[in-house]
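Student: here is the input, now give the coordinates:
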Amino acid sequence: MPRLPVVSGDEFVKAVRKIGFVWDHTEGSHMILLNPNRRRLSVPRHRELGPGLLTKLIRDAGLTKEGFINLLRG
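Tutor: Next up is the predicted model:
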């Protein structure tokens, strides 16, 4: 299984926007994103997302680790 890169909250949002997530609003330091299926993600604006949090956000977005890494690359 590939090792996850260190990414910020903003980099995570940039990647998942490629699969249809859009910014809805901000609550404090968290960006709330929605996709067409009304799936909701709350992404903190941290410089680095911890590995556990990043794994959970990837799963909540409906992605695999490999799929997420491909989104970051392209």
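
Student: confirm that residue 47 lies within a helix, as I assumed.
Tutor: No. Per DSSP: H, G, I helix; E, B strand; the rest coil, residue 47 lies outside any helix segment and is coil.

Student: run a quick neighbour tally on it.
Tutor: 10 (other C-beta atoms under 10 Å). Bear in mind the C-beta positions are built from the backbone N, C-alpha and C, glycine included.

Student: return the residues in contact with the residue nearest to it when sequence neighbours are not counted.
Tutor: Nearest residue to residue 47, sequence neighbours excluded (C-beta to C-beta, 6 or more residues apart in numbering): residue 8, at 5.3 Å. Listed by C-beta atoms under 8 Å, 6 or more residues apart in numbering, the contact set of residue 8 reads 45-49.

Student: show me the two of those that sit farthest apart.
Tutor: For those, the farthest-apart pair by C-beta to C-beta is 45 and 48; their separation is 11.2 Å.

Student: what pLDDT does the residue nearest the centre of the chain get?
Tutor: Compute the mean C-alpha point of the chain, and by C-alpha atoms, centre = their mean the closest residue is residue 12, 4.0 Å away. The score at residue 12 is 97. That number is its pLDDT.

Student: repeat that for the one 5 residues further on.
Tutor: On pLDDT, residue 17 comes in at 95.

Student: wait, a helix at it?
Tutor: Yes. Under three-state DSSP, residue 17 falls within a helix.

Student: so what's it up against?
Tutor: Residue 17 is in contact with residue 33, counting by C-beta under 8 Å, 6+ apart.

Student: perfect, I'm done here.
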